[in-house]
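S.K.: Sharing a model prediction with you, sequence too.
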Amino acid sequence: MTRHFGVLIPSTNTTVEMECRLLPATYQAHVGRLMSSGGGSFSPSRDEDIDHQSRLLGTAKVEMVILAQTSASLFAEDYDDVVTKRMSAAAGVPAITSAQAVGRAVRALGARRVAIVSPYSEAVNERAARYFKAKHGLETIALEGFGATDAYAIGKLGPQNARDAFARVDRPEIEVSWCPAAISRRCRRSPPGSGEFGKPVVTTNQASIWAMLRAFKSADRLPAFGRLLGELPADA
């Protein structure tokens, strides 16, 4: 049986759809694009776009909607709760943000101490550290950002960027490293995603797919996508 799920992405994102195409054909992603609210780099998308695109995805009979825009969750303490309720109301199905999925996925792996490697500025990275501490009890041991201000340009980052960044932040006490959707293809292709530094790398796209498979009570395992999808651990 084919399972259908919806994914909302910023209009500038050029990587999430590419990763979704790598899933088995029995899982079909249907994507809606969102315009920025104009509140600065990596700020939340427009509310009206989220409502409209969620409603359209509902007409495609998706079973779940994922907001693949981790940075949006970092700008307001109640953002996850507010936006998932609106997405669910519009689409008529459960909804989750990618930030929620990352926090849950890291805890499912039994980890609490993380490194953050992202394209974000130092200020946004610090927001991410505060978010994961407050919402999911995760301690950020190291932060590494590329200081990007152009969201579209992030899609042009190469795998060496991720490799070098993971080498710079590597610490013995780090249990899991996380990188967001915009550079997740680079993280997955780089050796750290395969365990070069002896610890798992969780990407936003992996975490979102994990949350979807868990919600669907899937028996499928996808070892080619790393430990998280190869083992599909339950929520902690």
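M.R.: Received the coordinates, thanks.

S.K.: Tell me who's in contact with the most centrally placed residue in the chain.
M.R.: The centroid of the chain falls nearest to Thr204 when counting by C-alpha atoms, centre = their mean (2.3 Å). The contact partners of Thr204, by C-beta atoms under 8 Å, 6 or more residues apart in numbering, come to 68, 70, 98, 101-102, 178-181, 184. C-betas here are computed from N, CA, C, even on glycine.

S.K.: how about TSV for these, with neighbour count and pLDDT added?
M.R.: TSV is the format used below for the contacts of Thr204 (neighbours: other C-beta atoms under 10 Å; pLDDT from 0 to 100):
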residue	neighbour count	pLDDT
Ala68	30	94
Thr70	27	91
Ser98	29	96
Ala101	25	97
Val102	33	96
Trp178	28	88
Cys179	31	83
Pro180	28	74
Ala181	27	55
Ser184	27	50
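
S.K.: between these, which is nearest Asp164?
M.R.: Cys179 (12.6 Å; C-beta to C-beta).

S.K.: shouldn't the closest one be in contact with Val114?
M.R.: No. With contact defined as C-beta atoms under 8 Å, Cys179 does not count as touching Val114 (10.7 Å).

S.K.: for the chain, what spans make up the helices?
M.R.: Counting by DSSP state H, residue ranges of the helices within the chain are 16-20, 47-59, 79-91, 98-108, 122-136, 151-154, 159-169, 184-189, 204-215, 227-231.

S.K.: Isn't Asn205 up against Ala68?
M.R.: Yes. Look at Asn205 against Ala68 with C-beta under 8 Å: they come within range, at 7.2 Å.

S.K.: residues contacting the nearest residue to Ala236 once chain neighbours are set aside?
M.R.: Once flanking residues are discounted, Ala236 sits nearest to Arg107: 3.9 Å by C-beta to C-beta, 6 or more residues apart in numbering. Contact analysis of Arg107 by C-beta under 8 Å, 6+ apart lists 136-138, 235-236.

S.K.: can you pick the most crowded of these?
M.R.: In terms of neighbours by other C-beta atoms under 10 Å, the contacts of Arg107 top out with Leu138 at 24 neighbours.

S.K.: so who does it touch?
M.R.: Leu138 sits next to 103, 106-107, 111-114, 132 when contact means C-beta under 8 Å, 6+ apart.

S.K.: let's see 7 Å
M.R.: If you count contacts by C-beta atoms under 7 Å, 6 or more residues apart in numbering, Leu138 has them with 103, 106, 112, 114, 132.

S.K.: Kindly reformat those residues as JSON lines and extend each row with pLDDT, neighbour count and distance to Asp164.
M.R.: Shown next, in JSON lines, are the contacts of Leu138 (pLDDT from 0 to 100; neighbours: other C-beta atoms under 10 Å; distance: C-beta to C-beta, whole Å):
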{"residue": "Gly103", "pLDDT": "97", "neighbour count": "25", "distance to Asp164": "26"}
{"residue": "Val106", "pLDDT": "97", "neighbour count": "26", "distance to Asp164": "23"}
{"residue": "Arg112", "pLDDT": "97", "neighbour count": "16", "distance to Asp164": "26"}
{"residue": "Val114", "pLDDT": "95", "neighbour count": "27", "distance to Asp164": "19"}
{"residue": "Phe132", "pLDDT": "97", "neighbour count": "24", "distance to Asp164": "23"}
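
S.K.: what's the most distant pair in those?
M.R.: Gly103 and Arg112 (10.9 Å).

S.K.: Where does the prediction get shaky in this protein?
M.R.: 40-41, 147-162, 181-197 (pLDDT under 70).

S.K.: Report the buried residues of stretch 163-172.
M.R.: Neighbour counts over stretch 163-172 (16 or more other C-beta atoms under 10 Å) mark 163, 165-166, 169-170 as buried.
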